[in-house]
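K.L.:
Take this sequence and fold it.
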Amino acid sequence: MRKWLPLVAICAGTFMLLVDVTIVTVALPSLAADLHTSFGSLQWVVDAYALALAALVLGAGSLADRLGHRRVFIAGLIIFAASSLACGLATGANVLISARAVQGIGGAGMFAATFPLINGNYAGRDRGTAYGMWGAVAGASAAIGPVLGGVLTQELSWRWIFFVNPPVSVGVIALAWILTDTHVGAQVDVPGILTLTAAAAAATYGFIRAGSDGWAQAGTWGILVIAAVLVAVFALVEWRTAEPMLDLRLLRHRVFTGMLLAGLGLNFAAFAYLTYASIWLQSVLRLSPVHAGLVSAPLSLTAFVVAGGSGRALHGARPDRVIGTGMVLIGIGGLVGMALVHGSAGWPQLIPGYVVVGLGVGLVSPMLGSWTMASVPRERAGMAGGAVNMMRQLGYAFGIALIGTVFAARAAATIADRRVAGAAQLARALAGGQARQVVHAAGIRAGSVAAVLHVASLSGLQSAFCVAGFAGLAVGLAVFFLVRQHRPDPAQPSASTTAGTPDNAASAVGASLPPGGRDGAAAR
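P.N.:
Residues are numbered from 1 along each chain as shown. Predicted structure coming up:
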């Protein structure tokens, strides 16, 4: 039993940091009313955490490789606990957004150390079991977040979704000391961290601004162009750095590239729309926070059961089939939601799609982690773990911004079709959880306004599910293409010639790369 205690510490830390990605979704209407936030501010409350987590997890992986994965994991826990307390004490939207960003920094340290710590503490089939349990926790946590957030918001206050983190963090820190520490002496790529953070922030801001100002505005496209330039600068920095935090040559290898794409698509297609579904359930259908959170329970339970059972069972399975099938199921789940949410739809119409999405998440999560680590040389463990986790959180951050834009635009078009004045403003209020306030302010027209907002919200949700569904299908097909088995190479073993065994899959990538950076620098 003692051998699984390290996994308990790793999974507990993962659960906290991933729950905090989505735990705020069910609290957004209460938070908006308490802090008087706008639609854009609500998006940043969610995205500040996801963006900081995404932009810094890769750099944190380099730092963990140099200083030790256990040390960085514990340091991340401390930062996470302190910033959670600051979130709970926030008196305004700007303070909360800033504290959420710091919370993301702590989460990045924890997340980046996760995969190397699993690899350092387990081997063989135990490693497959460990990744299966980790995948179950990771897959379920994003959907458990709204349930837990609903209970805390309804019974106590939205502030308690943050206040619960510090005491739990203390327990995880105490348990984390038994972890086997590992490090490989890598250098920290500060220019890479700065340029990647700036690029991710600019892209997210551009998507959010598109939702408030529209895609036709020159300023929106200007920001997105700046983001594209910063991505190019990041690539140049990484190419010229002796020890980059992301060795760009790894992108030549289709398995690794497929894993990154799957990570991006997983959080974008499976979880980003939960924010707007929760707002619809509470502000339009007037469900309680607990009831709204429980609606997503089938997704989390299905993901937990499937991931927990598939880790060991699918240890030798081909990743293209498992991950590709999982992403296709996530896409189908989104399209099922689009087909059912119309007319007089209520919360039951969400359940079938959520169950299908949960099946896909349960398949993708455990194998995504193990095969990402297996697709690179051992000395790049922190780099690989950081890269895939970065893509997962970027998928969520971009998803919140893009799907929010789609939701608001479609809702505005529906409102305008019914010849209601101020369609754009009403749509932003709807997406920002202010439907009750709008209806109350309508006075004698409250009934007709409520009916229009209901139809508009359903239209917006349909579009959100549509975007997520087709994104999931597209990523699934791409994974089938990129990660499919190759013809065996007689000169050396590869991932495709080892019956899908992750422990040996790194040989194909590792054989073509020197141990150091672009110029053959010291091993990471």
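K.L.:
so what's the residue most central in space within the chain up against?
P.N.:
Closest residue to the average C-alpha location of the chain: residue 393 at 3.6 Å, with CA atoms, centre = their mean. Residues in contact with residue 393 (CB atoms under 8 Å, 6 or more residues apart in numbering) are 21, 50, 51, 53, 54, 57, 111, 267. Yep, even glycine has a C-beta here, placed from its N, CA and C like the rest.
K.L.:
How about the contacts made by the third one?
P.N.:
By CB under 8 Å, 6+ apart, the contact set of residue 51 is 101, 104, 200, 201, 204, 393, 394, 397.
K.L.:
Give me the subset of those lying in helices.
P.N.:
Within those, residues falling in helices by DSSP state H are 101, 104, 200, 201, 204, 393, 394, 397.
K.L.:
Max pairwise distance over those: which two?
P.N.:
Farthest pair in these (CB to CB) is 101 and 394. Separation: 15.0 Å.
K.L.:
More neighbours: which of the two?
P.N.:
residue 394 (25 against 20; other CB atoms under 10 Å).
K.L.:
Check the gap between the more buried one and residue 270 for me.
P.N.:
From residue 394 across to residue 270, the span is 14 Å (CB to CB, to the nearest Å).
K.L.:
same check, this time on residue 51
P.N.:
18 Å.
K.L.:
Residue 62 too?
P.N.:
For residue 62, the distance to residue 270 (CB to CB) stands at 28 Å.
K.L.:
And those two? Which one has more around it.
P.N.:
residue 270 (34 against 26).
K.L.:
Tell me if I'm right that that one and residue 330 touch.
P.N.:
Yes. Using CB atoms under 8 Å, residue 270 is in contact with residue 330, at 5.0 Å.
K.L.:
which residues do these two both contact?
P.N.:
Common neighbours of residue 270 and residue 330, counting by CB under 8 Å, 6+ apart, are 357, 360, 361, 472.
K.L.:
helices or strands up against the helix or strand hosting residue 458?
P.N.:
Applying DSSP states H and E as the criterion places residue 458 in helix 446-482. Judged by 3 or more CB pairs under 8 Å, 6 or more residues apart in numbering; DSSP states H and E, the packing partners of helix 446-482 are helix 254-270, helix 274-279, helix 319-340, helix 381-417, helix 423-431, helix 435-441.
K.L.:
could you redo the last one with a cut-off of 6 Å?
P.N.:
Identification of packing neighbours for helix 446-482 by 3 or more CB pairs under 6 Å, 6 or more residues apart in numbering; DSSP states H and E yields helix 254-270, helix 319-340, helix 381-417, helix 435-441.
K.L.:
And the average pLDDT for that helix is what?
P.N.:
In this model, helix 446-482 has a mean pLDDT of 85.
K.L.:
angle of that helix against helix 319-340?
P.N.:
160 degrees (axes from the mean of the first three to the mean of the last three CA atoms, to 10 degrees).
K.L.:
quick one: helix 446-482 to helix 423-431, angle?
P.N.:
Interaxial angle of helix 446-482 relative to helix 423-431 (the same axes, to 10 degrees): 80 degrees.
K.L.:
contacting residues around stretch 344-356?
P.N.:
Residues from elsewhere that reach stretch 344-356 (CB atoms under 6 Å, 6 or more residues apart in numbering): 281, 295, 298, 299, 302, 329, 332, 333, 336, 337, 340, 341.
K.L.:
Go through those and give me the one with the most neighbours.
P.N.:
residue 299 (31 neighbours).
K.L.:
element containing that one, please.
P.N.:
Here residue 299 is assigned to helix 297-313, by DSSP H and E.
K.L.:
again with residue 37
P.N.:
Counting by DSSP H and E, no helix or strand carries residue 37.
K.L.:
export stretch 345-359 as PDB, just CAs?
P.N.:
Taking C-alpha atoms only, stretch 345-359 is exported to PDB below (Å, rounded to 0.1, in the frame of the first residue of the first chain):
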ATOM      1  CA  ALA A 345     -34.900  22.200 -23.800                       C
ATOM      2  CA  GLY A 346     -33.800  22.000 -20.200                       C
ATOM      3  CA  TRP A 347     -31.000  20.400 -18.300                       C
ATOM      4  CA  PRO A 348     -31.900  16.700 -19.100                       C
ATOM      5  CA  GLN A 349     -31.000  17.400 -22.800                       C
ATOM      6  CA  LEU A 350     -27.400  18.000 -21.700                       C
ATOM      7  CA  ILE A 351     -26.900  14.500 -20.200                       C
ATOM      8  CA  PRO A 352     -26.600  12.300 -23.300                       C
ATOM      9  CA  GLY A 353     -23.900  14.400 -24.800                       C
ATOM     10  CA  TYR A 354     -22.000  14.700 -21.500                       C
ATOM     11  CA  VAL A 355     -21.900  10.900 -21.100                       C
ATOM     12  CA  VAL A 356     -20.500  10.500 -24.600                       C
ATOM     13  CA  VAL A 357     -17.900  13.200 -23.900                       C
ATOM     14  CA  GLY A 358     -17.000  11.500 -20.600                       C
ATOM     15  CA  LEU A 359     -16.300   8.200 -22.500                       C
END
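K.L.:
And that stretch, how far out from the chain middle?
P.N.:
20 Å (CA atoms, centre = their mean, to the nearest Å).
K.L.:
just stretch 23-31 next, same as before
P.N.:
When distances are taken as CA atoms, centre = their mean, stretch 23-31 is centred 17 Å away from the chain's centroid.
K.L.:
got it, and stretch 16-31?
P.N.:
13 Å.
K.L.:
List the contacts of that stretch.
P.N.:
Here stretch 16-31 makes contact (CB under 6 Å, 6+ apart) with 42, 46, 50, 107, 110-111, 138, 141-142, 145-146, 148-150, 153, 158, 161, 274-275, 278, 282-283, 289, 292-293, 433.
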